[in-house]
Every structure is written in structure tokens, then in C-alpha cells.
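Undergrad: Next come a sequence and a model predicted from it.
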Amino acid sequence: MIDIKLIREDPELVRENIRKKFQDEKLPLVDRALELDRLNRAAINEASDLRAKRNQLSKKVGMLMGQAKKDPAKAEEAEAVKAQVKADGERLSELEGLEEKYAAELHAVMMKIPQIIDASVPIGPDDSHNVEVQRFGEPAVPDFEIPYHTDIMESFNGIDLDGARRVAGNGFYYLMGDVARLHEAVLAYARDFMIGKGFTYVIPPFMMHGAIVEGVMSQSDMDAMMYKIEGEDLYLIGTSEHSMIGRYIDQILPEASLPHTLTSYSPCFRKEKGAHGVEERGVYRIHQFEKQEMIVVCKPAESMEWYERLWRYSVELFRSMDIPVRQLECCSGDLADLKVKSCDIEAWSPRQQKYFEVCSCSNLGDAQARRLRIRIKGEDGRTYLAHTLNNTCVAPPRMLIAFLENNLSADGSVRIPEVLRPYMGGKERLERCPKV
RNA sequence: GCGGAAGUACCCAAGUGGCCGAAGGGGCUCCCCUGCUAAGGGAGUAGACGUCUAAACCGCGUGCGAGGGUUCAAAUCCCUCCUUCCGCGCCA
């Protein structure tokens, strides 16, 4: 969400930004916003004048009523003033209706106008124009065949998709044995990794109110992603970012307390409508997964610096588990409407011989902060909007695909990288086991 | 979940229809007085949001948990909801 003042002062900049994102159908929204803003302010001004008048006259009634005890003539005068106020009442309630109507419409329009993207974002209509920035580690292709990830998991008796389908349907999983333990090991390792970077570990609510949902994500994302609890104003979180950023709703943070650097764990629930749908056979795109996340709330001037730091943490984390990765920058057309700049960290899949998304790092600028009214109080007493960022540390079980494929040996065993061994009871390898 | 109580500014707290945007106290800030300091005196202390403005000040509007309603006028009356506290119940 952008500032309405920006549209007042420089509508062309906002239009240009919409064009850069290949959303020309939204161009009329700019003029619509200007019009609604004008109407809204006119209504506010007139209503405000009427209220001022009413307040004055009502006080006068009060005074006259007081005097009426000694001088009955004053009572009549009071009645006359009452009638005056009542006369304006109709116009005032009409204006109040208009205020509400215009404000609501304006808000709806403003929610659709995308955040101003950073000047450095590459321009392109869709994800095919995303830009590979840099690779980390050698994308190796072994001389033996790498099975599909669920087959690798099955070779350790580590997954049951059939059972999950019976219980919850497609898009769920049972992880078992060493694979389940590995899943938790990766999360625990990522947690400690971030604690080591000075982040505070947080376990947030896994559900949230509708008002928070609207603040942290766009309407289209909400429809495509969120599960609603029947009969309650509660949604299952799609990522801990939602409840982590939501925590700051209506808060004014002392400047000295910044930056807030948090690493949160949560299960994540997603409908995955649209996108490419839920995968039939595997744990790449599913309705439920777990994630260790990074969250930063900081001063506006520092958000780009944090953005750079955050995605590098992901790279460092994956490299420490011997997984080759690359940084892929999101182009303008692929950037969600709330984001200023974003990149994916993609892990190498030796089986498919291509990179696939495992982390997503975003600088939201003041977009979430404006929607949720997250402000900072400066030393000079002024308040201003914070910036928010988020990034994935690890999101298994998808992340396990990269892990298993890259650490698989010709004999079918999987090497446990040293950093994970303390979380696996010292185990150095996962060995194939007979089918149960 | 049931019963009871309560939500007023940084904190405590008075206020049941009219100069109440809100007494009083504490705290905090500034000033003065006094060399003996768990001292005295004075002043200030809604923040926020909206509007107005080139911007700011000022002004105006909103604001007493939230949202509605009654009224010329609501902290005060009515309705709904939320939160907290105390019992009871249930439960990892």
C-alpha cells in the first residue's frame, strides 16, 4: 500500500510503476483514487465544520438550560437553539454516510495499487524474466541416477503419502523415522544458525484474525492461500511472517529498540489454488509444511542493507549443508504487489539438473507497515512508518528434496553434513533399509 | 464453557446527561529555593489519527476498551462485541 499523498503529488510516478509491473489494467485506479480522495476530503471538511457548529450550539443549550431555572425565558431560547442544531442533523448524517463510503472505496482502490518497486528491480512481465544474479557452489551432476525424492525417502521408510491421502487428502504427508528426524534436525539447525546471527527465536500463533490477514498480504494472495476456520474469525497462517508482522499492528516502536530481528518457527498452511496446484506425487507443493523464518522490522534507511544480509544468510545456511544454490532476482512483473524488491534462493537439483525455489527474501518497504500502522517514534518525537522484511531460512519438507538429492551417494545412502550430525544423534549417514 | 468484577491519559484514580478533553495523586521534564536531601515552591505533561498548510505552528474534527444506538448534547443512558482479573468446570 502506498501513501495517498504520493498519488496527489506525483500521480505519474505511480502510473509509471504500474506500467513497469505490466498491470496496465490498473492505470485507471490512479485517477479513481484522486477523485475519491478529493470527494472524501470535501465531505470531511463540510462535516467537520458542521460538527464544530453543533458542538458550539450544544454548549450554548447547556448554558441556557442552566440559566432557565432563574429565568424561564431562557428555556424558550434553548429550544430555539436546539431546533437549529437539529436542522443541520440531516445534512451531517448524509455527509457521515459519504465520508464512510468514499473512505471505504478509496481504501479498496489503494489496496490494489502496487507498492513502488525499487529502481534496481529488473523489468519483465513474468517469472521467465527473473534474473540469475549469482551462483554459490558447484551444481554437480553425479554419474549415477538420482531417484525421485519420494523414492529416496521411501528407501529409508521415511514417507507415507498413501496414508496421508486417506486421512487428509492429497497434499499432506507422513514423514517417518530418520527422514522425520532429519526434517526436525534441519529446522533445529536453522533455528540455532539464526540465533547465532543475533536473531530472537519466536514461536508465534498459528492462526490469526481477518484484520491481520488483510494487513500482511494482498487480496489475491489471500484467496489463493488462506484456510479459514469455520464459524470463527480465524485463519490458519500461510507462513509465520503473517502472525509475526501482525504482532506489530497499531504499535509505535521506540527508535532505539530497532532493528527487531526475529527468527520464527511455524507450520504453514496453504491452499495452493492457482500456482501450479498441489503435486500428486511428492512434497514439493503441499498444503502443509514447516518453516523457520527470518523477520526484520527496521528503520526505512536500513531496509536495503537488511535485505542484502538476509538473503546471504540463506545462502550461507544452505552452503553449510553442502547444497549448491543460486540467487534469482524477481523481475517487476513477478513481484507481489506489496513488495519493493525480492529474490529467491534456489537450490540445485541434480536429478532435474536445474535450480528450484527453496527460499524467498523480500523487502516490503512500508507497505505492510502502512496497512498495519506500524510506526517508529524518533528521538525528535516524530513518528514514521517502519520497513518490514522477511526471508525463509528453511522450509522442509521441500527443502529436504535438495538435501537428499545433493547428499545422495551411489550406494543409495545419504551423507549427513557435519553441521546436522549433533541433531541426528551423531549419525553420519542414512542407510537404506528393507521395506517394512 | 459457567458465574462474578472491571476496563478513563505513562501509572493509580475521581467522575451517572451540559463550560469535562476530563478532578486529584504518583511519575517524568523544565525552572526556582535550600549545602545536608526519603526536603520545599512554581510551571508543563494526551499520545495518536484526520483536515487545513508548500511545510510547520495555530485552528477545526475524531478520541474515556471496540462498534452501534438514544439525545440539541454521551466518559456518563441502551445494545453488541473484545480484553483483563477472581471463583468453578474442562483440558495438553
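TA: Nice, thanks for sending it over.
Undergrad: So which bits of chain A are right by RNA strand B?
TA: A:4, A:41, A:44-45, A:47-49, A:51-52, A:54-59, A:61-63, A:65-66, A:82, A:85-86, A:89, A:252, A:375, A:377, A:381-383 (Cβ under 7 Å from any atom of the strand). Placement of C-beta: from N, CA and C, glycine included.
Undergrad: Quick check on those: which are buried?
TA: A:Ile4, A:Ile44, A:Ala47, A:Arg54, A:Leu57, A:Val61, A:Met65, A:Lys82, A:Val85, A:Arg375 (16 or more other Cβ atoms under 10 Å).
Undergrad: Need the phi and psi values for the closest residue to A:Glu431 other than its chain neighbours.
TA: Excluding its sequence neighbours, the residue lying closest to A:Glu431 (Cβ to Cβ, 6 or more residues apart in numbering) is A:Ser413, at 5.2 Å. For A:Ser413, the backbone dihedrals (degrees, to the nearest 10) come out as phi -80, psi 160.
Undergrad: related to what we said a few turns ago, which of the residues of chain A next to RNA strand B fall within strands?
TA: If you go by DSSP state E, the residues of chain A next to RNA strand B have A:Ile252, A:Arg375, A:Lys377, A:Thr383 in strands.
Undergrad: What segments of the stretch 301-436 of chain A are strands?
TA: In the stretch 301-436 of chain A, the strands defined using DSSP state E, counting those that start in this stretch lie at A:325-329, A:341-349, A:354-363, A:375-377, A:383-385, A:387-394, A:414-415, A:429-430.
Undergrad: Not counting residues beside it along the chain, what's closest to the residue in the stretch 151-300 of chain A positioned nearest to RNA strand B?
TA: Relative to RNA strand B, the nearest point of the stretch 151-300 of chain A is A:Ile252 (6.4 Å; Cβ to the nearest atom of the strand). The shortest distance from A:Ile252 to any non-neighbouring residue, by Cβ to Cβ, 6+ apart, is to A:Arg375 (4.7 Å).
Undergrad: Wait, the one you found touches A:Ile249, no?
TA: No: A:Arg375 is not in contact with A:Ile249 according to Cβ atoms under 8 Å; the separation is 11.0 Å.
Undergrad: about what we covered before: need the max-distance pair from the ones in strands among the residues of chain A next to RNA strand B.
TA: Taking Cβ to Cβ, the two most distant members of those are A:Arg375 and A:Lys377; they sit 6.9 Å apart.
Undergrad: which neighbours do those two share?
TA: A:Ile252, A:Leu253, A:Thr383 (Cβ atoms under 8 Å, 6 or more residues apart in numbering).
Undergrad: Near the closest residue to the second one other than its chain neighbours, how many residues? Count them for me, please.
TA: What it means is A:Leu253. Closest residue in space to A:Leu253, ignoring its immediate chain neighbours: A:Ile376 at 5.2 Å, by Cβ to Cβ, 6+ apart. By the criterion of other Cβ atoms under 10 Å, A:Ile376 has 23 neighbours.
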